[in-house]
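Student: got a sequence here, can you model it:
(one chain, ligands or ions: 1)
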Amino acid sequence: MATAQAGVVIVGAGPAGLVLGNLLLDRGIDCVLLERRDRAAVDGRARAGFLAARSVRVLTENGLAAGLLTRGRTHTTCQFRGDRGEFTLDYATLGRGEVHTVYPQQELVRDLVAEYLRRGGDLRFGVEATHVTGGRVRLRDGTEVTGRYVAGCDGHRGIGRATLTAHGTRTARWDHGVSWLAVLAAAPPSMPATGYALHPRGFAGHMARTASVTRYYLQCPRGTDPANWSEDRIWTELATRMRTAEFGPLRTGAVLEQAVVDLRSDVLEAPGAGPLWLAGDAAGLISPSAAKGANLAVLQAELLARAFEAALLRGDGSGLARYAADCLPRVWRAHEFSHWMSGLLHGPVGADGDGDEARYGRQLQYARLESLRTSRAHQDFFAENYTGI
Ligand code: APR
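Tutor: Residues are numbered from 1 along each chain as shown. Below you'll find the predicted structure:
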């Protein structure tokens, strides 16, 4: 039994689905947005927070940036620490001179939900899609929602991706072999912006979020149980890897959340066909080493919105036909840079601590860092890719 008919049925209210939904409503296209979790869970999930200038531009041009422009913080520098000291890259003066806006993702998601509802959008929380067949989306309760098109914005374990791969779409994938213990701390930042610390015990990262909340990352072996990391152990390990004896103490606080993230990347070779098109993690998962995930989601949502608009309002399917060609080259550039960052941050993975390969890998890692510290050409390359999409 069909319960609704729409231009586009969007599955998943993460950044990809919500940006797409808002853009479609703005173009006069009716859509139904299905989200399996309840609103509190959607609003409360802390994740990324790094928005590239391009993403901010798209959100601003589409009336979706009021919150991030007032409450977001601009980052123009990042710091690296290693065995030869610390250096700062002022990336606003390098490459294309672009900056990042740091705005916690759950706040962006809250803004996007509020705006979608304000635009009169149909958003159903607690509704899980179980199958997609043509333009029909079957729901857990046995009913169906149908649309001319279906946008799978339901993350990398979603049914959008599963449906395409079941029909033969291939995935290119890479396992970086490491994991991060991602910690959200009720502590003011200890560095002006983002800090990357390279250490023989593994990478440690510092990401300033707000005046009272900071994200930290600790490289850990695959299979790490976050419950084995007490607050004490977290702060002690961070102090060692961030070399506080040399650079001053960290500003500590209660740990609000800790979770282990495996660094994996994949890209669907064809992110859509027929009525079903994917955006965000559904179309490809990118390791968090260069914070590109949410930015690729915005890029793909924008391209899909234009393509759906042309198809639904003008009968012109060329945007959909071009979707893969339009987005995949940029997706791959982001993956290439994230992969490069991963090599810079992690050093030898899997090699035994002081074996020949581990020592070789560590020297390569430090040579890469030294090149970044001393070469203006390398710094421009870094800045262009770090801020670009
Ligand atoms: N039915 C309905 N909703 C679903 C289903 C389903 N079967 N499966 C998944 N969802 C919902 C999830 O509950 C989630 O809210 O889809 C949403 C997917 O959102 P995200 O995982 O945030 O994915 P996306 O929008 O692609 O965000 C991409 O944002 O967090 C950053 O860097 C991160 O790369 C990531 C990026």
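Student: make it CA atoms for all contacts and neighbour counts henceforth
Tutor: Will do.
Student: what does the helix or strand encompassing residue 56 contact?
Tutor: Mapping residue 56 onto the secondary structure by DSSP states H and E places it in helix 53-61. Under the contact criterion C-alpha atoms under 8 Å, 6 or more residues apart in numbering, helix 53-61 has outside partners 65-66, 98-101, 295, 298-299, 302, 387-389.
Student: which element is residue 277 on?
Tutor: Under the criterion DSSP H and E, the helix or strand holding residue 277 is strand 276-278.
Student: neighbouring strands - and their directions - for that strand?
Tutor: When pairing is defined by DSSP bridges, strand 276-278 lines up against strand 144-152 (parallel), strand 272-273 (antiparallel).
Student: follow-up on the earlier one: using PDB, list the CA coordinates for the helix or strand just after the helix holding residue 56.
Tutor: Heading C-terminal from helix 53-61, the first helix or strand you meet, by DSSP H and E, is helix 66-71. Presented in PDB, the C-alpha positions along helix 66-71 are these (Å, rounded to 0.1, in the frame of the first residue of the first chain):
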ATOM      1  CA  ALA A  66      22.700  31.500   9.600                       C
ATOM      2  CA  GLY A  67      23.900  29.300  12.500                       C
ATOM      3  CA  LEU A  68      27.400  28.500  11.300                       C
ATOM      4  CA  LEU A  69      28.100  32.100  10.300                       C
ATOM      5  CA  THR A  70      27.100  33.400  13.800                       C
ATOM      6  CA  ARG A  71      28.400  30.500  16.000                       C
END
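Student: which parts of helix 66-71 are buried?
Tutor: If you call a residue buried by 16 or more other C-alpha atoms under 10 Å, then helix 66-71 has these buried ones: residue 68.
Student: returning to what we had before: tell me the one of the contacts of helix 53-61 nearest the ligand?
Tutor: Nearest to the ligand among these, counting by C-alpha to the nearest ligand atom, is residue 295 at 7.4 Å.
Student: list the contacts for the closest one?
Tutor: Under the criterion of C-alpha under 8 Å, 6+ apart, the contact partners of residue 295 comprise 51, 52, 55, 389.
Student: am I right that residue 88 is in a strand?
Tutor: Yes - the assignment for residue 88 (DSSP: H, G, I helix; E, B strand; the rest coil) places it in a strand.
Student: near the ligand, which residues of the stretch 101-250 of the chain show up?
Tutor: On the criterion C-alpha under 6 Å from any ligand atom, the ligand has as its neighbours in the stretch 101-250 of the chain the residues 127, 128, 129, 130, 153, 154, 155, 158, 159.
Student: and the closest residue to the third one other than its chain neighbours, what is it in contact with?
Tutor: In space, residue 129 comes closest to residue 139 once its chain neighbours are excluded; the distance is 4.4 Å by C-alpha to C-alpha, 6 or more residues apart in numbering. Residue 139 makes contacts with 127, 128, 129, 130, 131, 145, as judged by C-alpha under 8 Å, 6+ apart.
Student: restrict those residues to the buried ones and give me that as a PyMOL selection.
Tutor: Buried members of the contacts of residue 139, defined by 16+ other C-alpha under 10 Å, are picked up in PyMOL with:
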select buried, resi 127+128+129+131+145
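Student: so can I have JSON lines of the contacts of residue 139 showing secondary structure?
Tutor: As requested, those are arranged in JSON lines below (three-state DSSP):
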{"residue": "127", "secondary structure": "coil"}
{"residue": "128", "secondary structure": "coil"}
{"residue": "129", "secondary structure": "strand"}
{"residue": "130", "secondary structure": "strand"}
{"residue": "131", "secondary structure": "strand"}
{"residue": "145", "secondary structure": "strand"}
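Student: and the furthest pair within the contacts of residue 139?
Tutor: Largest separation among the contacts of residue 139 by C-alpha to C-alpha: 127 and 131, giving 12.6 Å.
Student: ok so, going back, with respect to residue 194, which of the contacts of residue 295 is nearest?
Tutor: Checking the contacts of residue 295 against residue 194 with C-alpha to C-alpha, the nearest one is residue 51 at 13.3 Å.
Student: correct me, but the closest one touches residue 104?
Tutor: No - counting by C-alpha atoms under 8 Å, residue 51 stays clear of residue 104, with 9.5 Å between them.
Student: more neighbours, these two?
Tutor: For residue 51 versus residue 104, neighbours defined as other C-alpha atoms under 10 Å are more numerous around residue 51 (28 against 22).
Student: how about the host helix or strand of that one against the ligand, any contact?
Tutor: Counting by DSSP H and E, the element that carries residue 51 is strand 50-52. No - residues of strand 50-52 are not located near the ligand by C-alpha under 6 Å from any ligand atom, the shortest gap being 8.9 Å.
Student: next one: stretch 9-18
Tutor: Yes - judged by C-alpha under 6 Å from any ligand atom, stretch 9-18 and the ligand are in contact via 11, 12, 13, 14, 15, 16, 17.
Student: can you give me the neighbour number for residue 284?
Tutor: Number of residues near residue 284 (other C-alpha under 10 Å) recorded here: 27.
Student: what bridges to it?
Tutor: Beta-bridge pairing of residue 284 under DSSP bridges involves residue 267.
Student: need the contact list for it.
Tutor: 156, 265, 266, 267, 268.
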